[in-house]
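Chemist: compute the structure for the input listed below.
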Amino acid sequence: MTRAWLSLGSNLEPEANLRAALRWLLDHQQWVEALALAAALGAYWQTRGFLAEGRQWLEGALAAPATARETPQGLAAMIEAGMLAWEQGDIARKYWNTAVILVPALIVTLFFSSMVAFVCSRYSWRFNIVLLSIFTAGNLLPQQIIIQPLFQFYNRVPLPDWLSN
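Modeler: This is a model prediction of the structure:
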């Protein structure tokens, strides 16, 4: 690795030197070194409270080609990016959003499914076998087939302000 980035400003504050070094590595496509430096700075960004800046630098470094990301330095950078995201609170909020949607949907689905199953099994009427077959076929569908329509449906549902960005 060339040391030309050291001449960018030795009289700057430490954060500026680190930023200049990382910027130089990214600009000159020194991907493995940029990933290593960004990963090494993960704890620094976390303890100093520079979470958003750290995530930006890590995302910039992780924009490297796959050959650079598939190195131990790339793995370390991915781990640090995940730790900064968790510390910043983005992942915890997404878990909460998932629980807010999943729990009521599961309760409502189980409630109505149990009522329909009871009616279909206890009473004999014209379409009970057809309805029971539809429910059975729905349970036999792989989740991979259902996930795309559900994703599109939930993207169209407006969320309240406290639940979205």
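
Chemist: which elements pack onto the longest helix along the chain?
Modeler: If you go by DSSP state H, the chain has its longest helix at helix 90-122. If you count contacts as 3 or more C-beta pairs under 8 Å, 6 or more residues apart in numbering; DSSP states H and E, helix 90-122 packs onto helix 72-88, helix 128-140. For the C-beta atoms, the positions are set from N, CA and C on the backbone; glycine is no exception.

Chemist: just checking, what packs against the shortest one?
Modeler: Secondary structure elements in contact with helix 128-140, counted by 3+ C-beta pairs under 8 Å, 6+ apart, are helix 90-122.

Chemist: dump the residue contacts of the residue lying closest to residue 61 once chain neighbours are set aside.
Modeler: Excluding its sequence neighbours, the residue lying closest to residue 61 (C-beta to C-beta, 6 or more residues apart in numbering) is residue 38, at 4.1 Å. Counting by C-beta atoms under 8 Å, 6 or more residues apart in numbering, residue 38 touches 22, 57, 58, 60, 61, 77, 80.
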